[in-house]
Structure formats: structure tokens, C-alpha cells
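**Q** Here is a sequence with its predicted model. Questions after.
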Amino acid sequence: MKNDYLYSRIYSQVEKIKLAKQSTYIFGHSPEDRSLFPNDLKLLFPDVNFIRIEEIDKETICDANDGQNISLRSTSQILGLLTNKISETLYIDVTGLDNRICAALIKNAINNLGSIDFPKNVIVIYAEPSTYNIKQFKAESVFNDLSEKIEGIEPLPGFATIVPNDEDDTLLVALLGFEGGRFTHMIENVQPLRENIIPIIGVPGFRLEYPYVAYWGNRRPLEETDTWRKVKFVAANSMVDIFMLLSKLHKKNPSRKIKLAPIGTKPHAIGAMLFAIRYPYNVELVYDNPKKKIKRTEGIGNIVECEISKLILEN
């Protein structure tokens, strides 16, 4: 049964979004057009505490409101940002934020649910792109379409769990995007058994043709590992559906460890983070830290809102 409607809402226009009164809204800007829509929200909701953060380097962000630097690996500093003002509801807009920043914010937010003076409701917001600036993938292992390079596999802030490298008992679950080179790189570094690789593709995609582009971009590693037969499908914009699918996979294989590679859509990456938080001793997030190209998308599509605190507490 599809559970997305229990925890998510989708808005076709910024004007239709309803933010809770006296809430806190954390966001960041990027070169992507869609990351700028919180500027419109500021005009619509003057009573909301908007906090814009900027990336200083891989380990540091800055609160643009007061200029204070914050380490992504400092729980106390991250909590200071999340509790900037006493709010019942905390919004984390991940649209313009790197996955490393999302990981630190979400991990600390979920770990402190129920604490005194911490928001009761944590909601993630994500704006889909209208279109991706992508070519037909002629060379799947070359990073020349969406990413310039990858900086190497290392844990996301707050997710340093290391799963013992028992290749016979460890699944590699890869949440695929368009870049087959990233999938190939992940396989070469993790070195799982072919029968232990489970690829996941976003269906439906943000646009009707995108799942076919994902297949095209990943066709070489899918063919070489013979895992094209095992591909699973989850809506590309759903944090809930990917969380539920991973949970079902864990329940079917409770004794097996999972190495989880969020190398596809941002909603899938957020769902993967929530799953890793829910099962910290069974799951290792493996991330390749790509350096994104400056202008990868155009326009703004639907805006997705997901109550991640309710999702993880009820499941």
C-alpha cells in the first residue's frame, strides 16, 4: 500500500504552501533557480523565522543572519542553529543544500525529537526541477553531464557507521540517478558480489522520460553486473516510498547488512538518511561526494513537503 499521502503534500505553486505560524525555516541558495523560492515565502509568511545558511567548505556552514560559522560535525553548534528560536515546527528546505549539510541537519533534528524546547514537528521541503540540463549519455563513466568530478567515498556528517565488509552477507543498494559513472565508481570501491547489488530507479520521474534516461546513463554497469533484472522502482520525488521500500527490504533480510548509496535524487537521499537513522547498526551510507556543475537544472516544478518526524516515529 502506498503511504506517501500519510506524510507528504505536493504543491504546484509557491502560493499554495501553508507554513505553520511562528515556525523556523532553514534554507540555502544555490545557482539553481528552484532554490530561490523561499524568498517568495518570506513575503507570504512574515511571522516565520527564516534562516539562510551558506556553505563555507565541506565541514562548515555559516548562518547568514548573524554570520556565525557552524561545524557540520558539532552537535551543539547544529542544535544551536535548529533551535535558534523556540518553534513548534521546524522546516528544512533541502533544495539548495548539499547532501552533507542535509545529513547533519536531519540527523541532529531526528535525534533530538522529544527533547525540551526542541520542535515537535520536523518537515523537509524540496522543489523539483522543471528540467535537467542533460545530454544523451554517450560515455557513462565520464563525469561530464551533471558532476564535474567526485571527491571520494567518505561518510556523510553524522553517519560514520561502518558495516563489517562481509561481502557474502552485505547488500549494496544503489539509488540511481542519471550518472552511470557514479554507479560504476561505487561498485568498484565497495566491491559487492553481483547477486548482492540492488539498483533502484525513480519511477515515475520528475518528467515522464527521466526513468529512460536513468536506464540509458546506467546501462553499462547494469549490463556488466547483470543487475538490470533486479531493478526496483520508487517514485523519484518520494522520501516516504523509498524509506518504506528500504524498510521492507530490511524486514525480508533482517540479519544482512546494507550499504546504501544515495547517488540519485535528493528525495531518495533524504529517505536513505532517515532509513540509516532508523537502523543505525544495520546500515552504512556510502557517498561519493560529487562536485556538482554550476547550472544543472532550469525552472521549478512541484514542491514536495514531507513530515519526516512523523514518518520515522510511526515506522
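**A** Yep, that arrived.
**Q** make it CA atoms for all contacts and neighbour counts henceforth
**A** Will do.
**Q** Surely T95 is in contact with A127?
**A** Yes. Taking contacts as CA atoms under 8 Å, T95 lies within contact range of A127: 5.8 Å.
**Q** The helix or strand hosting I123 packs against which elements?
**A** For I123, the host element (DSSP states H and E) is strand 121-132. Counting contacts by 3 or more CA pairs under 8 Å, 6 or more residues apart in numbering; DSSP states H and E, strand 121-132 is packed against strand 89-93, strand 297-307, helix 308-314.
**Q** Dump the second one to CSV, restricted to CA.
**A** Included here for strand 297-307 are C-alpha records, laid out as CSV according to Å, rounded to 0.1, in the frame of the first residue of the first chain:
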residue,chain,number,x,y,z
THR,A,297,18.6,22.5,-13.9
GLU,A,298,16.2,25.1,-15.1
GLY,A,299,12.9,26.3,-13.6
ILE,A,300,10.9,25.0,-10.7
GLY,A,301,8.4,22.1,-10.7
ASN,A,302,6.3,20.8,-7.9
ILE,A,303,7.2,21.5,-4.3
VAL,A,304,7.2,18.4,-2.0
GLU,A,305,6.6,18.7,1.7
CYS,A,306,7.3,15.6,4.0
GLU,A,307,6.7,15.3,7.7
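**Q** what's the angle between it and strand 121-132?
**A** Taking axes from the mean of the first three to the mean of the last three CA atoms, to 10 degrees, one finds strand 297-307 and strand 121-132 inclined to each other by 160 degrees.
**Q** partners of strand 297-307 in the sheet?
**A** Applying DSSP bridges, strand 297-307 is found paired with strand 8-11 (antiparallel), strand 121-132 (antiparallel).
**Q** Packed most tightly, which of the ones you listed would that be?
**A** Most buried of the strands paired with strand 297-307, by mean neighbour count (mean count of other CA atoms under 10 Å): strand 121-132, with a mean of 21.
**Q** Check the strands paired with strand 297-307 for me: which has the lowest mean pLDDT.
**A** Among these, strand 121-132 carries the lowest mean pLDDT, at a mean of 92.
**Q** how much does that one deviate in direction from strand 89-93?
**A** For strand 121-132 and strand 89-93, the angle between their directions (the same axes, to 10 degrees) works out to 20 degrees.
**Q** State the distance from the residue nearest to L97 when sequence neighbours are not counted to R9.
**A** Distances taken as CA to CA, 6 or more residues apart in numbering put G28 closest to L97, at 5.7 Å, once the chain neighbours are dropped. G28 sits 21 Å away from R9, going by CA to CA, to the nearest Å.
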